[in-house]
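Colleague: Have a look at this prediction, sequence included:
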Amino acid sequence: MKFRIFVRKLLVPKTGIYIMLGTIIMFLTFFTADNALEIAISGIASIFIGIGVNNFTESETHEKETETGQRKIQAAIKVLEFAHTKIANTEQLFSENISKEAAIGQLAEIKEYFALSIQQLQPGK
């Protein structure tokens, strides 16, 4: 499965073309007898291969950042659902005039839920 993903990413034009071009240029060194020309051709080929590898790792990094963002959003949604429940409970306490202390406790928990949600959505966390 991972091999298929690797091949799929490798065949993306901005990745595969540069790596293939670098490899083809590298094979040109077999047709040279001059060492200086061979080194120059290898240098040019390594530039193309480097660009391809950089594009490959860039796409992987983008996918990982997207997954991390999705996990943060899911966690924040759960926290907001808990907060929503607490707000409904607090609203019920106020409508029934049950206990001021209980309502204040509920509001403190809601504040903690929102602080947790903010902390989870902070960049770099």
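Modeller: It's in. Source: prediction; values computed, not measured. Numbers count the residues shown, from 1 in each chain.

Colleague: so where does Ile118 fall, helix or strand?
Modeller: Assigned by DSSP states H and E, Ile118 falls within helix 100-121.

Colleague: Give the buried residues for that helix.
Modeller: For helix 100-121, burial by neighbour count (16 or more other C-beta atoms under 10 Å) applies to 103, 106, 110, 113, 116-117, 120. C-beta coordinates here come from the backbone N, C-alpha and C atoms, glycine included.

Colleague: Chain neighbours aside, what residue packs nearest to Ser59?
Modeller: Computed as C-beta to C-beta, 6 or more residues apart in numbering, the closest residue to Ser59 that is not its neighbour in sequence is Lys9, at 5.8 Å.

Colleague: ok, that neighbour - how many residues close by?
Modeller: 16 (other C-beta atoms under 10 Å).

Colleague: try the one 5 residues further on
Modeller: As a burial measure, the neighbour count of Lys14 was computed by other C-beta under 10 Å and equals 13.

Colleague: that older thread, residue contacts, the residue nearest to Ser59?
Modeller: 15, 56, 59-60 (C-beta atoms under 8 Å, 6 or more residues apart in numbering).

Colleague: can you pull the contacts of the residue lying closest to Leu116 once chain neighbours are set aside?
Modeller: Spatial nearest neighbour of Leu116, chain neighbours left out: Val79 (5.4 Å); criterion: C-beta to C-beta, 6+ apart. Residues near Val79 by C-beta under 8 Å, 6+ apart: 113-114, 116-117, 120.

Colleague: what about 10 Å?
Modeller: Contacts for Val79 (C-beta atoms under 10 Å, 6 or more residues apart in numbering) come out as 112-121.

Colleague: what angle do the longest helix seen in the chain and helix 100-121 make?
Modeller: In the chain, taking DSSP state H as the definition, the longest helix is helix 35-96. Put simply, helix 35-96 runs at 170 degrees to helix 100-121, going by axes from the mean of the first three to the mean of the last three C-alpha atoms, to 10 degrees.

Colleague: surely Thr90 meets Lys100?
Modeller: No: look at Thr90 against Lys100 with C-beta atoms under 10 Å: they stay out of range, at 11.2 Å.
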